[in-house]
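Task: produce atomic coordinates for the following.
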Amino acid sequence: MTPDSRSDFDARSRSLLHDGDAVPDDLVLEGPGPDGTLPLSDDLLRYEPSGHVFGMSQDAGMGWEPSRTDAPQYVILSTMGGLREPSGRPIALGYHTGHFELDVAVREAAEEFRARDAIPYAGFCSDPCDGRTQGTPGMFDSLPYRNDAAVVFRRLARSIPRAKGVLGIASCDKGLPAMMMALAGLPHHACAVMPGGVMLPTTGPENTAYVQSLGARYAREEITLDSARTAACHACASPGGGCQFLGTAATSQVVAEALGLTLPHAALAPSGQSIWRELARRTARAVMLMAERGITVRDIVTEDALHNAMAVHAAFGGSTNLILHLPAVVFAAGIRRPTLDDWERINRQVPRLVDVLPNGPNNYPTLFAYLAGGVPEVMLHLRDLGLLRTGALTVTGRTLGENLDWWATSPRRARLRERLQRETGIDPDQVILSPDAARRAGITSTTCFPRGNLAPDGSVVKSTAIDPRLLDESGVYLKVGPARVFTSEPEAVSAVKGQGSRPVRPGDIVVLIGRGPLGSGMEETYQLTSALRYLSWGHECAILTDARFSGVSTGACIGLIAPEALAGGPVGKLRDGDRIRIRIDTRRLEGTVDMVGEGSEEGSPEAAAARLAARSPHPELRPDPLLPDDTRLWAILQQCSGGPWSGCVFDLEKIRAKLLE
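Predicted coordinates:
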């Protein structure tokens, strides 16, 4: 520190103390309390818990009309973050746009409760941003946060013991799955979800998927510094809402609606706009109606609802991260979790009908899917195919079939579809296609679950996101190439950028190991997948990892490889130069991922499996040294409970049995 800087520091430090010397004249030491009386009854004072009276006292102290402190109580939980002026100008930023406008939705819902003579309570547990933490140790907290937040939300709901219902408001990758887990775990409450909506698309080519690859493209000299600056600035066209692509945030909204936890046509609404604000008010009314009729969340989240959610997930071509989240939601509701076989069966039965980024072929933004009819429009097609269980109850108090009958003739449906056509020139039937139109357009189902000697317990790939140039006439992707093994994402990304002594080259198979729950909290590796996607030669490479992917990841990216490397998975024994063969049939949704030899030799998967079995783990395989202890604890508990394919949950009975061994 220079003398001048030390002098400046001393002056500013002294001011921290001396600026507090003055004592304001308006300091108040006591007060009379609110005017009026509380509506206490003989029975309440004699027989009810003391907490009920104390709560009423506090409600009056916070300014609620004392005579109305015995009104029905409802809880509004949200992931809102940041602090905004009434004009919307930021005072303190949120962690991401997806929760920055949720204060508006909370206010709308609260005013609706209040207008209907109920008492609204609002609680918050904000959420992190996977985009902001890409490639950083902050990602190690992402998936564990989901479990923590679900617990916090449930504890907050139960802490208003007289509440008749709970309204959950959330938008994004971990916050909305956490909210669904929390509500599903409140079986005796009336519960509904108000999705936080999506960001507007930009008028230019930029979007929140595109900009995450700027570093790799600039390092490979495929873009200029000026173009990177412009693209990064213009990606977000509105201050609120989840990302413009069908990633985990948007897919979670879709799944919440398919489960029956939202009002019809709730997912993917434009954040902050009047159509979205009105949704908050109607959702508040729905919770009150559920409570009045005695409908609770256990009547909504059922095996039929799970089936519908999996079918709609397949029809949208949703994020593979819902393979982690949907089992966790239904586990909280006490329902059998779907297995790998269940996911395979559904994805083979259900055609993909939605054309949005990143699945293509035209990559429309998610808002266009909303205008084209959203979830209920897709469900109309699935109902015609006999792929839905339409008797499932929803938060409207009506069955799914009754909701779809309304949607088929709704003026709302007609007006929004006409608006999309008129203002963008895009036919809504090209965004949400009929099964016949999807078949003619060559749109295939999205998700494939390869197995093999490197993934004996399964893996996942978005097969439709593989570059069509790499498929043969039968829709089969076949790649044989050398492994390039990395044990940290920054090391792998540097190699993709061409930095260091081991640059990734066209044709390599990038293997990233030790990044499952036990190694990194199961980080999301979009920094790596996006780098390859937007490089001119990136389609010539493939990725294998025990980590997870962003919902917008594309290419031959095979993730969630099980068992993970640090749990003894054979993928953790690979070395540079091992010969790997990947085969994915994008039409039959069948795939294998095998080591088939060393160096230039190629043999059978069985022979290579024997070699792998005799090997020790990769010498650099270990948990990340920056992995927090609380994430390590989460990883151990979820491993005891079945691991990622069981939803990364905490199964109390399995954990208890393990402790008693």
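
who are the neighbours in contact with residue 408?
residue 380 (C-beta atoms under 8 Å, 6 or more residues apart in numbering). Where C-beta positions appear, they are placed from N, C-alpha and C, glycine not excepted.

do residue 354 as well
Contacts for residue 354 (C-beta under 8 Å, 6+ apart) come out as 246, 315-317, 369, 378, 431-433.

Distance of it relative to residue 463?
Using C-beta to C-beta, to the nearest Å, one gets 15 Å for the distance from residue 354 to residue 463.

what's the answer for residue 564, then?
Residue 564 sits 22 Å away from residue 463, going by C-beta to C-beta.

got it, and residue 373?
Distance of residue 373 to residue 463, computed by C-beta to C-beta: 25 Å.

what does residue 228 give?
Separation of residue 228 from residue 463 (C-beta to C-beta) stands at 31 Å.

And the two? Which one has more around it.
residue 463 (27 against 15; other C-beta atoms under 10 Å).

ok, now which ones touch the more buried one?
The contact partners of residue 463, by C-beta under 8 Å, 6+ apart, come to 444-448, 477, 584, 586, 589, 591.

Could you save those as a markdown table and add columns showing secondary structure?
Shown next, in a markdown table, are the contacts of residue 463 (DSSP: H, G, I helix; E, B strand; the rest coil):
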| residue | secondary structure |
| --- | --- |
| 444 | coil |
| 445 | coil |
| 446 | coil |
| 447 | strand |
| 448 | strand |
| 477 | strand |
| 584 | strand |
| 586 | coil |
| 589 | coil |
| 591 | strand |
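
which one of those is nearest residue 250?
Nearest to residue 250 among those: residue 446, at 13.9 Å, using C-beta to C-beta.

what about the closest one, how many neighbours?
For residue 446, the count of nearby residues is 27 (other C-beta under 10 Å).

Not counting sequence-adjacent ones, nearest residue to it?
Leaving aside its sequence neighbours, residue 446 sits nearest to residue 317 (C-beta to C-beta, 6 or more residues apart in numbering; 3.6 Å).

Can I get stretch 260-274 in PDB, CA atoms only?
Presented in PDB, the C-alpha positions along stretch 260-274 are these (Å, rounded to 0.1, in the frame of the first residue of the first chain):
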ATOM      1  CA  GLY A 260     -51.400 -30.200 -12.600                       C
ATOM      2  CA  LEU A 261     -49.800 -27.900 -10.000                       C
ATOM      3  CA  THR A 262     -50.500 -24.700 -12.100                       C
ATOM      4  CA  LEU A 263     -53.400 -23.200 -13.800                       C
ATOM      5  CA  PRO A 264     -53.700 -24.200 -17.500                       C
ATOM      6  CA  HIS A 265     -51.500 -22.100 -19.800                       C
ATOM      7  CA  ALA A 266     -49.300 -20.900 -17.000                       C
ATOM      8  CA  ALA A 267     -45.800 -22.100 -18.000                       C
ATOM      9  CA  LEU A 268     -43.600 -19.800 -20.100                       C
ATOM     10  CA  ALA A 269     -45.600 -16.600 -19.800                       C
ATOM     11  CA  PRO A 270     -43.700 -13.300 -20.400                       C
ATOM     12  CA  SER A 271     -42.400 -12.200 -17.000                       C
ATOM     13  CA  GLY A 272     -43.700  -8.900 -15.600                       C
ATOM     14  CA  GLN A 273     -46.500  -8.400 -18.200                       C
ATOM     15  CA  SER A 274     -50.200  -8.000 -17.400                       C
END
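
Tell me the helices and strands packed up against the helix or strand harbouring residue 315.
Element membership for residue 315, per DSSP states H and E: helix 303-316. Secondary-structure packing of helix 303-316 (3 or more C-beta pairs under 8 Å, 6 or more residues apart in numbering; DSSP states H and E): helix 248-258, helix 322-332, helix 340-349, helix 374-384.

quick one: secondary structure of residue 194?
On the basis of three-state DSSP, residue 194 is classed as strand.

Which pLDDT does the model give it?
Note on residue 194: pLDDT of 97.
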